[in-house]
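Participant: Fold the stuff below for me.
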Amino acid sequence: MSQAQPSALTKRQNSALRNLTIMGYLEGTSFLLLLGIAMPLKYMFDIPEAVSYVGPVHGVLFVAYAIVLIITASRIKMPLWALPAGVLGSFLPFGPFIFDHLLNKSLSK
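Facilitator: Model (predicted):
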């Protein structure tokens, strides 16, 4: 059995990366709920209440994700592509999940 390689990141950097992952998953999930459930309820079934709840929550999580992304970029040495990719990923369905996977893969090398 091989042992796991020790992380090159400090405890503070790992904490920042973990916070980014959590915030990305929350923001990505709220976006998928908005696109996949709330908006179809509003436009297909004329039930606008779902958007009035999920929309503001997603907005707050989107802003929080952007702030956490900037803080994380300042705390760890992210690749040059990471900050713009993180911002772009937040505008795409499943984007934060893909960005998190690519960033963790890049940092583990």
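
Participant: can you list contacts of the helix or strand encompassing residue 96?
Facilitator: Taking DSSP states H and E as the criterion, residue 96 maps to helix 95-107. Identification of contacts with helix 95-107 by CB atoms under 8 Å, 6 or more residues apart in numbering yields 8-9, 17, 20-21, 24-25, 27-28, 31, 65, 76, 78-79, 82, 85-86, 88-90. Where you see a C-beta, it was placed from the backbone N, CA and C, and this is true even at glycine.

Participant: how distant is it from the center of its chain?
Facilitator: 9 Å (CA atoms, centre = their mean, to the nearest Å).

Participant: what does stretch 60-68 give?
Facilitator: Between the centre of stretch 60-68 and the centre of its chain there are 9 Å (CA atoms, centre = their mean).

Participant: just stretch 23-30 next, same as before
Facilitator: With CA atoms, centre = their mean, you get 5 Å for stretch 23-30.

Participant: So for it, what gets flagged as buried?
Facilitator: By 16 or more other CB atoms under 10 Å, the buried positions in stretch 23-30 come out as 23-24, 26-28, 30.

Participant: quick one: which of these is nearest to residue 71?
Facilitator: residue 23 (10.0 Å; CB to CB).
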